[in-house]
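> Would you be able to build a 3D model of this:
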Amino acid sequence: MTTAESQEVRSNPFGWLGRAWRGFRRWRRQRPFWGGLFTMLAGLEIFGSTQMSLNGLTFKMGPTGFLTWLIPTILITCGLLFWFSPAQRTFYAVVAAVTAVYSLIGVNLGGFFIGLLLGMVGSALGFAWVPRRTPAAADDTAELPATTNPTEEAGTGTADADEAALVDELMPRQRTEEPTGVL
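Numbers count the residues shown, from 1 in each chain. Sure thing, here's the model as predicted:
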């Protein structure tokens, strides 16, 4: 341990807490965290709605209560898979959305509509999440050609060329042949 590190530990006895929080934030940003959380909450709420009654009103649907276990299990599993296997998030989001919609007719009106809404929001967040790109280089002037004048306007240079190349890549190809007039 260096002298600076030992002084930091003495001045901040809970430094491990800050490091743990930063590690958790880094982990959370690499996956659809909120989509998984909402999907798991939907599963828990739907399961909880099967175990309670509202002023004596209890009803369960499905073949002998089997769906009261199956639907929450699928939603909780999809939420966990969002976290631990984010590369297949699209598939898990579709499975979670279909399961949440089926809970409307399968289990207590989708956990009295709350579980249904949580499941749909969670699957939408999981579906919409995109992994972060690697951060850009801190010094963009190193990427400029040697003939470029460094006093030029900041908007011109390789950034515009990269953006134009990206637009060209995303746009559909235009046909360049002349119409022959034959239908």
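> so A97 makes contact with A124?
Yes. The criterion here is C-beta atoms under 8 Å, and A97 meets it with A124 at 7.5 Å. All C-beta atoms are positioned from the backbone trio N, CA, C, and that covers glycine.
> Which one's more surrounded, the two?
Taking other C-beta atoms under 10 Å, A97 and A124 do not tie; A97 has more neighbours (19 against 16).
> so where does the closest residue to Y102 other than its chain neighbours fall, helix or strand?
Closest residue to Y102 apart from its sequence neighbours, by C-beta to C-beta, 6 or more residues apart in numbering: I71 at 6.8 Å. Per DSSP states H and E: I71 is located in helix 67-84.
> which other helices and strands contact that helix?
Applying 3 or more C-beta pairs under 8 Å, 6 or more residues apart in numbering; DSSP states H and E, one finds that helix 67-84 contacts helix 33-50, helix 89-106, helix 114-128.
> Please save the CA atoms from stretch 20-36 in CSV.
C-alpha atoms of stretch 20-36 as CSV (Å, rounded to 0.1, in the frame of the first residue of the first chain):
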residue,chain,number,x,y,z
ALA,A,20,-18.3,-0.9,-4.2
TRP,A,21,-20.8,1.7,-5.3
ARG,A,22,-18.7,2.7,-8.3
GLY,A,23,-18.3,-1.0,-9.2
PHE,A,24,-22.0,-1.5,-9.0
ARG,A,25,-22.6,1.5,-11.2
ARG,A,26,-20.2,0.2,-13.8
TRP,A,27,-21.9,-3.2,-13.7
ARG,A,28,-25.4,-1.7,-13.9
ARG,A,29,-24.5,0.4,-17.0
GLN,A,30,-23.3,-2.6,-18.9
ARG,A,31,-26.8,-4.3,-19.0
PRO,A,32,-30.5,-3.4,-19.0
PHE,A,33,-30.7,-3.1,-15.3
TRP,A,34,-34.0,-1.2,-14.9
GLY,A,35,-35.7,-3.5,-17.4
GLY,A,36,-34.7,-6.5,-15.4
